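Student: pasting the sequence and the predicted model now:
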Protein chains: 2
Amino acid sequence: MTDQINCITLASRPDGAVTPDNFRLETRALPDPSDGEVVVKVHYMSLDPYMRGRMDDAKSYAAPVELGAIMEAGGVGEIIASNSPHFQVGDFAFGMFGWATHAVTKAKLLRKIDPEVMPISAALGVLGMPGFTGWFGLNEHGRPKTGETLVVAAATGPVGSMVGQLAKQYGLRAVGIAGGPDKCRMAIDTFGFDACLDHRAYASASELRKALAGECPNGIDIYYENVGGKVLEAVLPLMNPFGRIPVCGMISWYDAGGLGDGADAGPLTAPKIWRSILVKFLSVNGFIISNHFDRLAEFLSEVAPKVASGEVKFVEDVAVGLENAPAAFMSMLKGGNVGKQVVKLV
Amino acid sequence: MTDQINCITLASRPDGAVTPDNFRLETRALPDPSDGEVVVKVHYMSLDPYMRGRMDDAKSYAAPVELGAIMEAGGVGEIIASNSPHFQVGDFAFGMFGWATHAVTKAKLLRKIDPEVMPISAALGVLGMPGFTGWFGLNEHGRPKTGETLVVAAATGPVGSMVGQLAKQYGLRAVGIAGGPDKCRMAIDTFGFDACLDHRAYASASELRKALAGECPNGIDIYYENVGGKVLEAVLPLMNPFGRIPVCGMISWYDAGGLGDGADAGPLTAPKIWRSILVKFLSVNGFIISNHFDRLAEFLSEVAPKVASGEVKFVEDVAVGLENAPAAFMSMLKGGNVGKQVVKLV
């Protein structure tokens, strides 16, 4: 057992794009666990786009990370000391362990993971928060119907690939958007999308729109929104009446600060968005999965067997070593990852 | 019985604000009714903001009015000749008679009105499309709960006044926005709003927001959207988590063309709207009441008795004479009307 913890803290807030000096690698003393607490050795930590929002000092659904505090992250780890009857040394659990090699945390905040059933890292992606986000948003706000057409960007990411695979299983046409020909091929070959467009191949939203229109001959019924920006601008005029737009993120705008508040959307104006909502009777619903943990068991009961059987596939991008987390995070924000981005710590 | 009809046609499409020369007063021959048709003498015609959208050549939920065609409008009229077993001469009916003194129309497109029950003009406002719009949007998309706070603009108009009165009956705090101190007084004294702000008294959205924040100490749960623009900009940051925004119009942007498509919203950008939806888990739903006529009976069964009992009040602004319809319409688009704008033709 160690008495030290390596961690990455928020050294400064980004001014636009995230830079390496926004982070600081530190060594801290590992506190002793109190009653009801456990000590966790983190095996995998998760990197997710929402963390970009936490770095800004803007009002959001969650408080920003304080300057000097450890960056937030979910992780999967092994219990190495326990003051709780619910966990034994050697158990594995999911929890919010931060960007850190170890954590001392209340046992009641953890969810036990069985390493026999699935690779433990799956609890960060396909069976974790991103997969749950895809399942919930598609079902609750997307209200998919057989024969409809769905579009989702970041199609090989853990949210987009879940959305696309479920849409296919529900009988929809699924059209992905991804960055680069390799990801587009993976979207089709691995995840079963009917088509996938490389947004980098289109200089403007209107060019992307033309290509999308070709792949969506019956229009778009569900646009699962996780990117904003050029894709949103391309999609809006193609939405069908009574279309649904679940909104779980807008990564293309995050670097503008304030979770996208300061972004310049060019020709996509507020009145254009509002008008599309009005004249096409759109249903646009923002959500964050942490408000819906009451649906987690339902998600796992539907999707975990499909992951076990291979019916739902997942791809992970594994960085190794805590010190490489900032680079992996910055790369992910630019679409450099292929599949769910995790960092392996042991 | 007449053999001529006076009507107002669309002479040209507006370039920005509507002008008198967009309209032309014409006299046409009244066609003979075919089998199943009736001849209607229009007593009241309705003027509504949605008509502004029909004047543009932009794709919307309905086709634009063709150049040279009679402007669209609902009306209430008297059957003066009938080739239908369902209507007798002397019956009254609601139908889409256009901006015209008479119409020949299929009987099956009409809804019979009993002039003994209510003034016939009520079928254009409080018990017609605007009242129905208010009721449907509030209930279906607003999902009101006792103790919540609702904001609606055009508070003395037929939609806003229905929304505010129902909100009060459902146990909400209702805060109106209207143009000028007289309308604000009417919103409170006649329609029972808890408060009403004069948007003209605030030079900027941020000043309006400060005043709104004072009247909405617990934030805003439902913003019933019918105006867009400065009010939307003021409201968005005050929305509570899980807030709902039914969108039935955006009149402040209509004159920019394309149903607001070309409007300049200043500091209210697309990313700001999208971010609000995301971080506050908002539910934004556009709708047009003509898609929901299956709910009309339900609306009438709830609201008609309340109108009869005086529990739901209504105010009408009556212009007289078809030739005065364009001026009344242009004035309404600038908020010059007080209550539901109708034109009395006989």
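Tutor: Good, I have the coordinates. Residues are numbered from 1 along each chain as shown, chains lettered A, B, ... in the order given.

Student: next secondary structure element downstream of the helix or strand containing A:V231?
Tutor: Using DSSP states H and E, A:V231 sits within helix A:229-235. Remark: after helix A:229-235, the chain's next helix or strand is strand A:239-247, criterion DSSP H and E.

Student: can you give me the offset of that following strand from its chain's centre?
Tutor: Remark: strand A:239-247 is offset 21 Å from the chain centroid, using C-alpha atoms, centre = their mean, to the nearest Å.

Student: let me see the mean pLDDT of that strand.
Tutor: Mean pLDDT, computed over strand A:239-247, is 98.

Student: and if you look at stretch A:106-126?
Tutor: 94.

Student: what residues of it count as buried?
Tutor: A:107, A:110, A:113, A:118-126 (16 or more other C-beta atoms under 10 Å in any protein chain shown). In short, each C-beta sits where N, CA and C put it, glycine included.

Student: can I get stretch A:172-181 in PDB? Just the C-alpha atoms.
Tutor: Taking C-alpha atoms only, stretch A:172-181 is exported to PDB below (Å, rounded to 0.1, in the frame of the first residue of the first chain):
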ATOM      1  CA  LEU A 172     -33.900   3.100 -38.100                       C
ATOM      2  CA  ARG A 173     -31.600   4.300 -40.800                       C
ATOM      3  CA  ALA A 174     -28.400   5.500 -39.000                       C
ATOM      4  CA  VAL A 175     -26.100   8.100 -40.700                       C
ATOM      5  CA  GLY A 176     -22.900   9.000 -38.800                       C
ATOM      6  CA  ILE A 177     -20.600  11.900 -39.100                       C
ATOM      7  CA  ALA A 178     -17.000  11.500 -38.100                       C
ATOM      8  CA  GLY A 179     -13.500  13.000 -38.600                       C
ATOM      9  CA  GLY A 180     -11.500  11.300 -41.200                       C
ATOM     10  CA  PRO A 181     -12.000   8.300 -43.600                       C
END
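
Student: what about it, average pLDDT?
Tutor: 97.

Student: residues of that stretch that come out buried?
Tutor: A:172-180.

Student: turn these into CSV, including secondary structure.
Tutor: Below are those laid out as CSV (DSSP: H, G, I helix; E, B strand; the rest coil):
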residue, secondary structure
A:L172, coil
A:R173, strand
A:A174, strand
A:V175, strand
A:G176, strand
A:I177, strand
A:A178, strand
A:G179, coil
A:G180, coil
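
Student: would you mind giving these as JSON lines with distance to chain B added?
Tutor: Output for the buried residues of stretch A:172-181, formatted as JSON lines (distance: C-beta to the nearest C-beta, whole Å):
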{"residue": "A:L172", "distance to chain B": "21"}
{"residue": "A:R173", "distance to chain B": "23"}
{"residue": "A:A174", "distance to chain B": "23"}
{"residue": "A:V175", "distance to chain B": "21"}
{"residue": "A:G176", "distance to chain B": "21"}
{"residue": "A:I177", "distance to chain B": "17"}
{"residue": "A:A178", "distance to chain B": "21"}
{"residue": "A:G179", "distance to chain B": "20"}
{"residue": "A:G180", "distance to chain B": "25"}
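
Student: quick one: residues in contact with the helix holding A:V231.
Tutor: Contacts to helix A:229-235, defined as C-beta atoms under 8 Å, 6 or more residues apart in numbering or on different chains, come from residues A:151, A:153, A:177, A:199, A:202, A:204-206, A:208-209, A:212, A:220, A:223, A:225, A:250, A:252-253, A:263, A:265-268, B:270, B:274.

Student: in strands, which of the residues you listed fall?
Tutor: Among the contacts of helix A:229-235, the ones falling in strands (DSSP state E) are A:151, A:153, A:177, A:220, A:223.

Student: out of those residues, which is nearest to chain B?
Tutor: A:Y223 (12.2 Å; C-beta to the nearest C-beta).

Student: how about the nearest residue to the most centrally placed residue in chain A, chain neighbours excluded?
Tutor: Geometric centre of chain A, nearest residue: A:P130, 4.5 Å, by C-alpha atoms, centre = their mean. Distance criterion C-beta to C-beta, 6 or more residues apart in numbering or on different chains; nearest residue to A:P130, sequence neighbours excluded, is A:P158 at 3.5 Å.

Student: next up, phi/psi of A:A107, please.
Tutor: Main-chain dihedrals, A:A107, degrees, to the nearest 10: phi -60, psi -30.

Student: just A:V126 next, same as before
Tutor: Main-chain torsions, A:V126, degrees, to the nearest 10: phi -60, psi -30.

Student: got the contact list for it?
Tutor: Going by C-beta under 8 Å, 6+ apart, A:V126 touches A:158, A:162, A:303, A:307, A:312, A:314, A:340.

Student: which stretches of the stretch 151-300 of chain A form helices?
Tutor: Here the stretch 151-300 of chain A has its helices, by DSSP state H, counting those that start in this stretch, at A:158-169, A:181-189, A:205-215, A:229-235, A:251-254, A:270-279, A:296-309.

Student: tell me which residues in the second one are buried?
Tutor: Neighbour counts over helix A:181-189 (16+ other C-beta under 10 Å) mark A:183-184, A:186-188 as buried.

Student: of the residues you listed, which is the nearest to A:G286?
Tutor: A:A187 (24.9 Å; C-beta to C-beta).

Student: just checking, what packs against the helix or strand where A:S331 lies?
Tutor: Element membership of A:S331 [criterion: DSSP H and E] is helix A:325-333. Applying 3 or more C-beta pairs under 8 Å, 6 or more residues apart in numbering or on different chains; DSSP states H and E, one finds that helix A:325-333 contacts strand A:316-320, strand A:340-344.
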